[in-house]
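Chemist: no sequence for this one, just the structure:
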């Protein structure tokens, strides 16, 4: 039986060892309905695993609404509630500036590539200990 949830088309979920990697499939995350569908899917993923290691890969994302930032903050709280950890990776410079201006770069662990994001969960960075 195939899952026909609309959010599934917006996210691709893969396991990389014990890390759950979520790839956003849209280049723009702007529409409130889509933001809510994506958020529901992400929260659902978190609620299925205690101590989840969740890496959100923004490689395809060129634009996002400020509403996404609020959902990410709520997701971070949910991940912590389930004793997990959340990392972000592959955020374009223009979007990263929004994280910096809003000081969300202090709340989230952000990595320039997926390999570093995955390795950071084990406390090992590519440049030595975290």
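Modeler: Yep, that arrived. Quick caveat, the model's predicted, so the values are computed rather than measured.

Chemist: Sketch out the low-pLDDT regions of this protein for me.
Modeler: Scanning the chain for pLDDT under 70 picks out the ranges 1-9, 124-130.

Chemist: hey, where'd the strands end up in it?
Modeler: 11-16, 19-24, 28-29, 53-57, 63-64, 85-89, 109-111, 124-125, 128-129 (DSSP state E).

Chemist: Direction included, what does the fifth one pair up with?
Modeler: Think strand 63-64. strand 28-29 (parallel) (DSSP bridges).

Chemist: who touches the strand it pairs with?
Modeler: With contact meaning C-beta atoms under 8 Å, 6 or more residues apart in numbering, strand 28-29 is reached by 35, 38, 61-65, 68. Yep, even glycine has a C-beta here, placed from its N, CA and C like the rest.

Chemist: Turn the buried ones among these into a named ChimeraX selection, would you?
Modeler: To isolate the buried members of the contacts of strand 28-29 in ChimeraX, using 16 or more other C-beta atoms under 10 Å:
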select :35,38,61,64,68
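
Chemist: and residue 108, how far is that from residue 116?
Modeler: For residue 108, the distance to residue 116 equals 14 Å [C-beta to C-beta, to the nearest Å].

Chemist: no, scratch that, I was asking about residue 46
Modeler: 22 Å.

Chemist: Among those two, which residue is more densely surrounded?
Modeler: The residue with more neighbours, out of residue 46 and residue 116, is residue 46; 21 against 18, by other C-beta atoms under 10 Å.

Chemist: quick one: contacts for that one?
Modeler: 52, 54, 75, 78-79, 82, 84.
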